[in-house]
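1. Here is a sequence together with a model predicted from it:
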2 protein chains.
Amino acid sequence: MKGTKVIFDNDKLHYSSELMRALAHPLRLKILEFIDENQSINVNKIYSNLDIEQSITSQHLKILRMSGVLSVEVTGKWHVYYINYDVINKVEKAITRFKNKNLA
Amino acid sequence: MKGTKVIFDNDKLHYSSELMRALAHPLRLKILEFIDENQSINVNKIYSNLDIEQSITSQHLKILRMSGVLSVEVTGKWHVYYINYDVINKVEKAITRFKNKNLA
DNA sequence: CCAAGGTCTTAAAATATCAAAATAGAAAAC
DNA sequence: GTTTTCTATTTTGATATTTTAAGACCTTGG
């Protein structure tokens, strides 16, 4: 390796992998896609349209909230979720990080 | 919702989430980044440069191989790994799928 | 052939994730 | 103020992932 300095930002690696872990579930991808299609939407519409149990939906929403991918606005009874597209961009960057970096 | 048809390609959702799950670990991101920086590289150099145990490295390489993100070419003793950038592109697309689709 | 080097596999223990069901909380409707 | 509606939390059991340590499998060099 002719003295290659291998320096990695471990915090970044952990953060990136946490974001990906938050996305790495079919139901969560489904939920995200549905929210994206509807701009922002309340929980009832999510689980009734996607036919997921309320409790399970809520738990996945929590994981997405904790990771920062989703945010919620509470208006009375309704919890309206929306996507933090800047966080999505971070995930994208974490992936394009090792994408053809050295090729062309 | 005015009669919104909610159609999801479940196979695609599963495939996408599997790819993301393969990436969703700090060591695997580290390994990928290192391979990307070096175009392709054998296992010994990976674990010695990244200071990960050989066995752990091998197991994470297996996960990345199984997911399709990495491929390996065996030449004698050496196993040379390289990134399948087309698979990386698929992950990227799975993410850009819900990225500002409705905004601007 | 034998030893050494390079990598993979297996097995076990610790940890994390998941679904399911039940319960809790908070706001609105009555 | 009680009930209903909407959502979140907790708990439990099942399953999956991760690490660790040990051993197995090839290949090359002597």
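-> Good, I have the coordinates. All figures in this text were calculated on a predicted structure; none of them were measured in a lab.

2. and A:Lys77, how many residues sit next to it?
-> Counted by other Cβ atoms under 10 Å in any protein chain shown, the residues lying close to A:Lys77 total 8. C-beta coordinates here come from the backbone N, C-alpha and C atoms, glycine included.

3. go on, A:Asn10?
-> Applying other Cβ under 10 Å, we find 9 residues neighbouring A:Asn10.

4. Next, give phi and psi for the residue nearest to A:Arg21 when sequence neighbours are not counted.
-> Taking Cβ to Cβ, 6 or more residues apart in numbering or on different chains, and ignoring the residues beside it in sequence, A:Arg21 has B:Ala24 as its nearest neighbour in space, at 4.0 Å. In terms of degrees, to the nearest 10, the main-chain angles of B:Ala24 are phi -80, psi 60.

5. Which single residue of chain A ends up nearest DNA strand C?
-> Using Cβ to the nearest atom of the strand, A:Gly76 is the residue of chain A that sits closest to DNA strand C, at 2.6 Å.

6. quick one: that residue from DNA strand D, how far?
-> If you measure A:Gly76 against DNA strand D using Cβ to the nearest atom of the strand, to the nearest Å, the figure is 8 Å.

7. Tell me how many other residues surround that residue.
-> Applying the criterion other Cβ under 10 Å, we find 5 residues in the vicinity of A:Gly76.

8. Same question for the one 4 residues further on.
-> A:Val80 has 16 neighbouring residues, counting by other Cβ under 10 Å.

9. Just to be sure, it is in a strand?
-> Yes - secondary structure assignment places A:Val80 in a strand (DSSP: H, G, I helix; E, B strand; the rest coil).

10. tell me the contacts of it?
-> Contacts were defined as Cβ atoms under 8 Å, 6 or more residues apart in numbering or on different chains; by that measure A:Val80 touches A:40-42, A:72-74.

11. just the buried members of these?
-> Among these, those that count as buried by neighbour count (16 or more other Cβ atoms under 10 Å in any protein chain shown) are A:41-42, A:72.

12. Mind checking which of these land in strands?
-> Assignment to strands by DSSP state E places the following of the buried ones among the contacts of A:Val80 there: A:41-42, A:72.

13. on that earlier part again, any chance of the contacts of A:Val80 in JSON lines, with pLDDT and distance to DNA strand D too?
-> Shown next, in JSON lines, are the contacts of A:Val80 (pLDDT from 0 to 100; distance: Cβ to the nearest atom of the strand, whole Å):
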{"residue": "A:Ser40", "pLDDT": "88", "distance to DNA strand D": "11"}
{"residue": "A:Ile41", "pLDDT": "94", "distance to DNA strand D": "9"}
{"residue": "A:Asn42", "pLDDT": "95", "distance to DNA strand D": "3"}
{"residue": "A:Val72", "pLDDT": "97", "distance to DNA strand D": "5"}
{"residue": "A:Glu73", "pLDDT": "96", "distance to DNA strand D": "10"}
{"residue": "A:Val74", "pLDDT": "95", "distance to DNA strand D": "8"}
